[in-house]
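Chemist: The sequence isn't on hand, but the structure is:
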């Protein structure tokens, strides 16, 4: 008994000596966080007690990792300032990396949703209040077919998205327009496409107005591709919502899917949230040129095809197309290039091109709803024989241009060069530079014969712009000019 008492007294003496050896400068001050309030998309949020999810991530003011806590109990921190963020998917956070280095990558399976807050400044011991937001949305492909097509049993969707991840430290999406992610997702259908639905979870493309593009492959039971289609336009992904794309999966007359509707599944849809593109209705007889198609190749093929009597192309609003410098240097067929009428806040289709040089009998040369990036001479005419019914520009634009629409240098009066009607209607030239050649000027020697010149409701802005800078040397041509602002 005496020995036990001596051991206890010795232990107490040792502990007292250790404690008395600690100076007040070496004590560690801590503060206890007692009140934690979390919301998700504006609604109160809490974890299920007993789960392993620890939603709070705490970093020092310089971004170094400190701790990962649950909200199920109070915790203490050393006195001072911190940065804290919260997420409902703590397994996606790669600790202990510095705060500014952490990125949550787009889920390649397109299944993972997550919500996360921006990092907030926090002083130890204070009440903690953090607002989380869902950073992912859903793209839903929904077929409207009533007739089955049993030639395929699987639809493989290939999604191209420029949003590759979410950076935690800056609370922003990681965007790579030059090297977008290419993701695939397959959905079987035993009904030949009837009631086909496929949901894909993607990081939001807003703000910034970026879109994801979708390509569909129809696969048979052996996995072979029966046919493939692209959607004519991309789709915005709205965080915490579902973008529903409804379309006919089995429309055999649509090599590209252009007839579809886009809507949000939520009841809170407003145009400020998503602005659907303008309806894409291709006029009869026109070839739709998609954003990823080579317009030069299409024009060359149609010029060479004897079965095609006229080139008719339809371009998508907001997209840019480029014709080669010599693609239309020997234009021998009628041509009509029409741009889709833009929706609100949408630009016209832009067409870059070389000079047009007509040759032969051509019924019409027509342009509508196009923003041109033109060379110094739109038409470059020299010693060609031609007879053109109409040349028309309707609602077309040129910006910061110093060229002319018509340039002619004909050496012989014996050549046949005739235009029935040349019209410029509702066109706009912004910051046009006028030098010595009028916009629609004809030469004093051997000019083309133009029966009628129509100029209605055009705006030409630039220096020293007068009617003389627009047209000259039209002789006996009937000129109908009204509503213009030169």
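Modeler: That came in fine, so what should we check first? Model, not experiment: these values are computed from the prediction. Numbering: from 1, shown residues only.
Chemist: Report the distance from stretch 117-131 to the chain centre.
Modeler: Its chain's C-alpha centre and that of stretch 117-131 lie 35 Å apart, by CA atoms, centre = their mean, to the nearest Å.
Chemist: again, but for stretch 209-222
Modeler: With CA atoms, centre = their mean, you get 17 Å for stretch 209-222.
Chemist: same deal with stretch 164-174?
Modeler: For stretch 164-174, the distance to the chain centre is 18 Å (CA atoms, centre = their mean).
Chemist: Rounded mean pLDDT for it, please.
Modeler: For stretch 164-174, mean pLDDT rounds to 94.
Chemist: Just the endpoints, please. Distance across it?
Modeler: Start and end residues of stretch 164-174 are separated by 6 Å (CA to CA, to the nearest Å).
Chemist: name the helices or strands packed onto the helix or strand harbouring residue 263?
Modeler: Here residue 263 sits within strand 260-264, counting by DSSP states H and E. Helices and strands touching strand 260-264, by 3 or more CB pairs under 8 Å, 6 or more residues apart in numbering; DSSP states H and E, are strand 242-247. C-beta coordinates here come from the backbone N, C-alpha and C atoms, glycine included.
Chemist: Quick check: buried residues in the strand it packs on?
Modeler: Neighbour-count burial for strand 242-247, counted by 16 or more other CB atoms under 10 Å, picks out 242, 243, 244, 245, 247.
Chemist: Surely the second one is in contact with residue 261?
Modeler: No - in terms of CB atoms under 8 Å, residue 243 does not count as a neighbour of residue 261; the distance is 11.1 Å.
Chemist: quick revisit: in CSV: the buried residues of strand 242-247, plus distance to residue 282 and pLDDT.
Modeler: Output for the buried residues of strand 242-247, formatted as CSV (distance: CB to CB, whole Å; pLDDT from 0 to 100):
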residue, distance to residue 282, pLDDT
242, 28, 93
243, 23, 92
244, 23, 92
245, 18, 93
247, 15, 93
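Chemist: In the stretch 1-150 of the chain, what residue spans correspond to strands?
Modeler: 30-33, 36-40, 43-45, 56-60, 65-69, 75-78, 81-86, 103-105, 115-117, 120-123, 128-134, 136-143 (DSSP state E, counting those that start in this stretch).
Chemist: quick one: strands adjacent to the longest one?
Modeler: Each strand paired with strand 136-143, and its direction, by DSSP bridges: strand 197-203 (antiparallel), strand 242-247 (parallel).
Chemist: so how far is the strand holding residue 263 from its chain's centroid?
Modeler: 16 Å.
Chemist: helices and strands around the next helix or strand after it, which ones?
Modeler: Note on strand 260-264: by DSSP H and E, the next helix or strand toward the C-terminus is strand 287-289. When contacts are defined as 3+ CB pairs under 8 Å, 6+ apart, strand 287-289 packs onto helix 295-304, strand 311-315.
Chemist: The strands of the stretch 1-150 of the chain: which one's closest to residue 358?
Modeler: strand 136-143 (45.1 Å; CB to CB).
Chemist: Would you mind getting the angle between that closest one and strand 260-264?
Modeler: Angle, strand 136-143 to strand 260-264, by axes from the mean of the first three to the mean of the last three CA atoms, to 10 degrees: 150 degrees.
Chemist: which other residues reach the next helix or strand after strand 136-143?
Modeler: Later in the chain than strand 136-143, the nearest helix or strand by DSSP H and E is strand 154-161. Taking contacts as CB atoms under 8 Å, 6 or more residues apart in numbering, the residues outside strand 154-161 that touch it are 106, 110, 139, 141, 180-189, 193, 196, 198, 200, 202-203, 205, 212-220, 223, 237, 249.
Chemist: what's the most distant pair in the buried residues of strand 242-247?
Modeler: Farthest pair in the buried residues of strand 242-247, by CB to CB: 242 and 247, 15.5 Å.
Chemist: domain parsing for the chain?
Modeler: 29-133, 136-264, 287-482 (automatic domain parsing).
Chemist: can I get these in a markdown table with distance to residue 281?
Modeler: Shown next, in a markdown table, are the domains of the chain (distance: least, CB to CB, whole Å):
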| stretch | distance to residue 281 |
| --- | --- |
| domain 29-133 | 31 |
| domain 136-264 | 8 |
| domain 287-482 | 8 |
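Chemist: low-confidence ranges in the stretch 251-400 of the chain?
Modeler: Low-confidence segments of the stretch 251-400 of the chain (pLDDT under 70): 267-280, 344-345.
Chemist: Oh, that last question was meant for the stretch 101-250 of the chain, not what I typed.
Modeler: 207.
Chemist: hmm, back to that, among the strands of the stretch 1-150 of the chain, which is the most enclosed?
Modeler: strand 115-117 (a mean of 23; mean count of other CB atoms under 10 Å).
Chemist: elements contacting that one?
Modeler: strand 81-86, strand 128-134.
Chemist: how does it look with 10 Å?
Modeler: In terms of contacts (3 or more CB pairs under 10 Å, 6 or more residues apart in numbering; DSSP states H and E), strand 115-117 is packed against strand 36-40, strand 56-60, strand 81-86, strand 128-134.
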